[in-house]
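# sequence-free structure coming up:
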C-alpha cells in the first residue's frame, strides 16, 4: 500500500467530526454575502468547537492535523484535477436552501503547495452556487495539505455518501486512482472500492462509445447496462443495442440475456453463392419457372410483385389458366431456393374487373387471388403469417371526387375507389440461421421505424411517372420489406424483376440481390436503375448507393408530399371503372 494511502484515515475521521459540529451550529447567512464582522463572529465560534474536536481526535502519529475555519477569497479557490465530480448537476434546490438558510456547511479545503490557492476537497456544487450569487469570500474548513490522490479519495467518499456521482464519474475516478496516482487494485479494495473484478468492470465503461456513455451519464441506462454492452465487439453495435434497450425499457438483465444469445448464435458470414454473371450482374433474362442458376436454399428473402392478370403489356397472349399455371411453377421454384425460415413478400392485387376465365361474362366482379398463392406455397411448408395493406398515396382523395358521379349514376350503384393493395408475408418452416453478430446488430429496426410500420397500414405514394415499365412499385415499399425481413449481407431475390426496384434497394441496404425478368424489353430501365453501363460494368458504385440512402427522405415525410396532380391522375384512372358500372 502506498505512503499516500496510509495517511488517509486520520484526516477523514477528523473532518467528519468537525463537519458534525459545524452542522449543529448552522450558519444563517443572508441572501447576499455575509459581512466580514458577521462572518468573523460565526467563524470564531465554529473554530473553537472544531479545534476542540480535532484535539480530542488527534493522535500522536498524525501531527498538525487540526482543521481551521477561515474565510477564503473566491478567486483563491480552485477545484483540483483529481476531484471525482465532473458535473454540478441541477443546482436549483441547493440555491433555494442557501437563499433561505445561508450556507449550512462550509467548504473543506487544503492549502496548495507553492502558492496561495486553496484546493476544494468537498463542496464543489456549493462553490458553483456561491459564485452565481456573487460571494466574494467563502467560509471554509482548512485541513492540512493532502496529496492529490488523498484529495481524490476523500472527495469520492463524501460524494458517495450523498449518492451524487454518476457511473461514468465513478469509472473516471477509479481509472485516475489506478493509473495516475498508482493505487493497485489491492489498495483500492482495501479502501472499500470493491473487488478487482468489480473495479475493472467499472473502468471498462469508459471504453464504450461517447453516445452510450452519455446515456449512462444521463441515467437513461445504468452501469449494469454498460457492462452488458461491453460484450459486443464494436461501437456501432453497442450504440444500436443501447438505443434499443432504452427505447423498449429493457432492464440490464434483459439486455444481458439478449446480447448473450446474440453472441452465442452469431456465426461468421457464409461464403456468398457463386453465380455466373450476365451482362447485368445478378440479372437473368429468362422465365423464373427455371432459376437453376440459384442453388437450393440459397435465398433468404423474396420480394416481388407477380403479374396481376389484368391485361398489362407483358401479359398479352396469356390466358387466365396459363397465368395460374405459370404462377404455380414460379412459386415451386421460389420455394426451392428459399432457406428454412426464409420469408417471401408478395405484392399481389386482386382482379377488380374480372369477367370470368375467358373474359366474356356480362357482370364484372372482384376476383380474390391471395388464397391461390397461399395454396401453392402451403404445399411447400410456406405459410401466410402477416398481411400489410399498402395505401397508394396519402393525398389520393384530396380533390373533388364528384367527377366520378353523374346524373346517370343510380343510387346504391356507387363504386369504391381502388387505392390499396395487399402485401402477403409468407414464412417457410424451419429455423432461420442468425448471421454474424455485426450484421444482426446493424440490421435491427429502430423504435421509430417499428412504430411507423407495425400497424401494417403503409401509406406510400405510388410511382408517378412509369418510365420504362408500366407497373413499378415505389422504392419505399421495397425498403421497408427488405429492412424488416432480412439481415445485412443476406440474399434477396425478385423472380418478377420488372424495372429492377427490388435489386436496387436491396443493394443499397447492403444485401446481395438477384432478379429474373422474362421480357428483355425492360433491360434499359433495369440497367439505368442499377447503374450498369452498356459494357456490363456497374457505373454507380456502392458508395453512390450509400450516399443516395443518406439523403433518402424519412418515410413520414414521403407520405405527406403527394402533389395535387397525383390525386387527379388517380381519380381519372378510376373514372373509367365508375362509368362502366353506370353504363351497366
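Looks like it arrived, so ask away. Remember, predicted model here, so these are calculated numbers, not experimental data.

# going forward, measure contacts and count neighbours with C-alpha atoms only.
Fine.

# what helix or strand is residue 192 on?
Remark: residue 192 resides in no helix or strand, with elements defined by DSSP states H and E.

# use 5 as the first number for this chain going forward.
Let's use 5 as the start, then, which means that last one is residue 196.

# count of neighbours near it?
When counting by other C-alpha atoms under 10 Å, one arrives at 10 neighbours for residue 196.

# now do the phi/psi pair for it.
Listed backbone geometry of residue 196 is phi 100, psi 20, with angles given as degrees, to the nearest 10.

# list the contacts of it.
The neighbours of residue 196, taking C-alpha atoms under 8 Å, 6 or more residues apart in numbering as the test, come to nothing; the list is empty.

# what about it, distance to residue 158?
Taking C-alpha to C-alpha, to the nearest Å as the measure, residue 196 falls 12 Å from residue 158.

# what's the answer for residue 448, then?
The spacing between residue 448 and residue 158, counted by C-alpha to C-alpha, is 45 Å.

# who has more neighbours out of the two?
The neighbour count for residue 448 versus residue 158, taken as other C-alpha under 10 Å, is higher for residue 158 (22 against 19).

# distance of that one from residue 309?
In this structure, residue 158 and residue 309 are 70 Å apart, going by C-alpha to C-alpha.

# then residue 470?
For residue 470, the distance to residue 309 - C-alpha to C-alpha - is 15 Å.

# kindly report the same for residue 514.
Taking C-alpha to C-alpha as the measure, residue 514 falls 21 Å from residue 309.

# and what of residue 515?
Counting by C-alpha to C-alpha - residue 515 and residue 309 are separated by 19 Å.

# these two touch, right, residue 423 and residue 396?
Yes. Residue 423 sits in contact with residue 396 when judged by C-alpha atoms under 8 Å, with a separation of 5.3 Å.

# neighbours around the residue lying closest to residue 192 once chain neighbours are set aside, how many?
Nearest non-adjacent residue to residue 192, counting by C-alpha to C-alpha, 6 or more residues apart in numbering: residue 198, 7.3 Å away. Other residues near residue 198 come to 14 when the count uses other C-alpha under 10 Å.

# assign a three-state SS to residue 198, would you?
For residue 198, the secondary-structure state derived from DSSP: H, G, I helix; E, B strand; the rest coil is coil.

# the more surrounded of residue 423 and residue 396?
When neighbours are counted by other C-alpha under 10 Å, residue 423 and residue 396 differ, and residue 396 comes out ahead with 21 against 16.

# tell me the contacts of that one?
When contacts are counted by C-alpha under 8 Å, 6+ apart, residue 396 is found next to 423, 424, 425, 463, 464, 465, 466.

# try it again with 6 Å
Contacts for residue 396 were tallied using C-alpha atoms under 6 Å, 6 or more residues apart in numbering; they are 423, 424, 464, 465, 466.

# the fourth one belongs to a helix, doesn't it?
No. Residue 465 is assigned coil when assessed by three-state DSSP, not a helix.

# for it, give its distance to residue 74.
Applying C-alpha to C-alpha, one obtains 74 Å for the distance of residue 465 from residue 74.

# one more: residue 160?
Per C-alpha to C-alpha, residue 160 is found 23 Å from residue 74.

# do residue 231 as well
Relative to residue 74, and taking C-alpha to C-alpha, residue 231 is found at 44 Å.

# tell me how many other residues crowd the residue lying closest to residue 71 once chain neighbours are set aside.
Setting aside the residues directly before and after it, residue 71 is nearest to residue 147 in space (C-alpha to C-alpha, 6+ apart), at 4.3 Å. Residue 147: 21 surrounding residues under other C-alpha under 10 Å.

# before we move on, back to that, who has more neighbours, residue 514 and residue 309?
The neighbour comparison of residue 514 against residue 309 (other C-alpha under 10 Å) goes to residue 309, with 21 against 18.

# just checking, that one touches residue 353?
No. Under the criterion of C-alpha atoms under 6 Å, residue 309 is not in contact with residue 353, lying 8.8 Å apart.

# identify the contacts common to these two.
Once C-alpha under 6 Å, 6+ apart is applied, it turns out that residue 309 and residue 353 contact no residue in common.

# what ranges does the stretch 455-588 of the chain have for its strands?
Assigned by DSSP state E, counting those that start in this stretch, the stretch 455-588 of the chain shows strands spanning 461-463, 495-498, 516-520.

# determine which stretch of these is the most buried.
Among the strands of the stretch 455-588 of the chain, the stretch with the highest mean neighbour count (mean count of other C-alpha atoms under 10 Å) is strand 495-498, at a mean of 26.

# which residues touch that one?
The contact list for strand 495-498 (C-alpha under 6 Å, 6+ apart) reads 303, 304, 305, 306, 307, 308, 515, 516, 517, 518, 519.

# rebuild those as a markdown table, extending it with distance to residue 297 and pLDDT.
Shown next, in a markdown table, are those (distance: C-alpha to C-alpha, whole Å; pLDDT from 0 to 100):
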| residue | distance to residue 297 | pLDDT |
| --- | --- | --- |
| 303 | 12 | 97 |
| 304 | 16 | 97 |
| 305 | 17 | 98 |
| 306 | 16 | 98 |
| 307 | 18 | 97 |
| 308 | 18 | 96 |
| 515 | 18 | 95 |
| 516 | 15 | 95 |
| 517 | 13 | 95 |
| 518 | 10 | 96 |
| 519 | 11 | 95 |
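
# could I get the full set of strands for the stretch 55-204 of the chain?
Under the criterion DSSP E, counting those that start in this stretch, strands of the stretch 55-204 of the chain are mapped to 72-77, 81-82, 111-115, 122-126, 141-147.

# ok, which of the ones you listed comes nearest residue 211?
Distances from residue 211 to each of these were compared by C-alpha to C-alpha, and the smallest falls on strand 122-126, at 27.9 Å.

# give me the number of residues near residue 256?
Other residues within reach of residue 256 by the criterion other C-alpha under 10 Å amount to 19.

# whoops, residue 296 was the one
Using other C-alpha under 10 Å, residue 296 has 10 neighbouring residues.

# quick check: mean pLDDT across stretch 78-86?
Per-residue confidence for stretch 78-86 averages out to 88 on the pLDDT scale.

# more crowded one of residue 465 and residue 74?
In this view residue 465 and residue 74 are compared by other C-alpha under 10 Å, and residue 465 has more residues nearby, 25 against 20.

# what about that one, distance to residue 143?
The gap separating residue 465 from residue 143 is 69 Å, by C-alpha to C-alpha.

# can you check residue 480 too?
The gap separating residue 480 from residue 143 is 66 Å, by C-alpha to C-alpha.

# cool, and residue 237?
51 Å.

# more neighbours: which of those two?
residue 143 (23 against 12).

# so who does that one touch?
Neighbour list for residue 143: 74, 75, 110 [criterion: C-alpha under 6 Å, 6+ apart].

# could you check the pLDDT of it?
Per-residue confidence (pLDDT) for residue 143: 94.

# likewise for residue 490?
Here, the pLDDT recorded for residue 490 equals 96.

# from residue 156, how far out is it?
Computed with C-alpha to C-alpha, the distance linking residue 490 and residue 156 is 51 Å.

# could you do residue 308 as well?
64 Å.

# same check on residue 517?
Between residue 517 and residue 156 the distance is 58 Å, computed by C-alpha to C-alpha.

# can you mark which positions in stretch 345-358 are buried?
Of the residues in stretch 345-358, those buried by neighbour count under the rule 16 or more other C-alpha atoms under 10 Å are 345, 346, 347, 348, 349, 350, 351, 352, 353, 354, 355, 358.

# can you redo those as a markdown table with distance to residue 374 and secondary structure?
As requested, the buried residues of stretch 345-358 are arranged in a markdown table below (distance: C-alpha to C-alpha, whole Å; DSSP: H, G, I helix; E, B strand; the rest coil):
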| residue | distance to residue 374 | secondary structure |
| --- | --- | --- |
| 345 | 21 | strand |
| 346 | 19 | strand |
| 347 | 16 | strand |
| 348 | 13 | strand |
| 349 | 12 | strand |
| 350 | 9 | strand |
| 351 | 10 | strand |
| 352 | 7 | coil |
| 353 | 8 | coil |
| 354 | 7 | coil |
| 355 | 10 | strand |
| 358 | 15 | strand |
